[in-house]
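> This is the structure alone, sequence omitted:
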């Protein structure tokens, strides 16, 4: 299948490790130009750039803080200056919530944690989309994927700030789809499930997570990356405003 991504300028946030790195490298295989977004792990981001270049792509790394609008604007301007007008945005970066206290409920969780999560996990992606959409409108073509979580549909006790912020991405995506599709810009959500990637986890936990999926295995970052790349390609001609699970039909524990 021809994906038509050669020479396209792609911004991927949270691309130093995990799903973000797998996505950046999948775009690199298609000879896109990659801006590797990261927050603080400079060596890992540099490694992603090196791996992308080994696949024949042009790649840079760009540091950003989802909680600081000036950081987002500066990162986009640098990517635009070094690589060209933006064709694709993948909002993958996430700010994980602080560990909840035992038996914490939504009404006992600190309100400041909720505000921090919404600021980074919803407002940050919104501002990034705002910053790049003019390039896409000008070219009459663009793709945006917001990475969310199946917990938006399933719910998960003790994680109200994270789940609510990610749920906001779904509403944002549907509005963007209605407003942008006529200009050739398709916008979708991808929802990974349990996706161990970089940190070693107890084998029992991985086995338990695998049995919770219909495919009887945990999701690999490449599973998610392949879906993202398709949705962001010229092969996707009419899918927009959708929330697509890439978790092997994972059933989140209650």
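Sure, I can see it. Quantities reported herein were computed from a predicted structural model and do not represent experimental measurements.
> all strands of the chain, in order?
Ranges of strands within the chain are 9-12, 33-38, 59-63, 88-91, 142-147, 185-191, 243-245, based on DSSP state E.
> give me the low-pLDDT residue ranges for the stretch 151-254 of the chain?
Counting by pLDDT under 70, the ranges of the stretch 151-254 of the chain that qualify are 155-158, 194-216, 249-254.
> again, only this time at 90
151-165, 193-220, 246-254 (pLDDT under 90).
> Mind jotting down where the helices sit in this structure?
Assigned by DSSP state H, the chain shows helices spanning 18-29, 42-54, 69-83, 111-118, 124-139, 151-154, 160-180, 203-211, 221-231.
> Just want the phi and psi numbers for residue 6.
Phi and psi for residue 6, reported as degrees, to the nearest 10, are phi -60, psi 130.
> these two touch, right, it and residue 29?
No. Under the criterion of C-beta atoms under 8 Å, residue 6 lies out of contact with residue 29, with a separation of 10.5 Å. All C-beta spots, glycine's among them, are computed from the backbone N, C-alpha and C.
> Which one's more surrounded, those two?
Set side by side, residue 6 and residue 29 show unequal neighbour counts under other C-beta atoms under 10 Å, the larger going to residue 29 at 15 against 12.
> if you compare the helices of the chain, which one is most tucked away?
For those, the largest average neighbour count (mean count of other C-beta atoms under 10 Å) is found in helix 18-29, namely a mean of 26.
> Need the contact partners of that one.
Identification of contacts with helix 18-29 by C-beta atoms under 8 Å, 6 or more residues apart in numbering yields 5, 8, 10, 12-15, 34, 36-37, 44, 48, 51-53, 55-57, 59, 88, 90, 92-93, 147, 192, 195, 197-198, 220-222, 224-226, 228-229, 232.
> count of neighbours near residue 149?
In terms of burial, residue 149 registers 26 neighbours under the definition other C-beta under 10 Å.
> And for residue 236?
The number of residues packed near residue 236 is 16, by other C-beta under 10 Å.
> Regarding it, what are the backbone dihedral angles?
Backbone geometry at residue 236, expressed as degrees, to the nearest 10, gives phi -80, psi 110.
> which residues touch it?
If a contact means C-beta under 8 Å, 6+ apart, then residue 236 has 143, 186, 230 as its contacts.
> If we use 6 Å, what do you get?
residue 230 (C-beta atoms under 6 Å, 6 or more residues apart in numbering).
> Ok, residue 146 next?
The neighbours of residue 146, taking C-beta under 6 Å, 6+ apart as the test, are 91, 125, 169, 173, 189.
> from memory the second one sits against residue 91, does it?
Put plainly, it is residue 125. Yes. Under the criterion of C-beta atoms under 6 Å, residue 125 lies in contact with residue 91, with a separation of 3.8 Å.
> rewinding a little: reformat the strands of the chain as JSON lines; add distance to residue 132.
What follows is the strands of the chain, written out as JSON lines (distance: least, C-beta to C-beta, whole Å):
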{"stretch": "strand 9-12", "distance to residue 132": "7"}
{"stretch": "strand 33-38", "distance to residue 132": "10"}
{"stretch": "strand 59-63", "distance to residue 132": "12"}
{"stretch": "strand 88-91", "distance to residue 132": "5"}
{"stretch": "strand 142-147", "distance to residue 132": "8"}
{"stretch": "strand 185-191", "distance to residue 132": "10"}
{"stretch": "strand 243-245", "distance to residue 132": "21"}
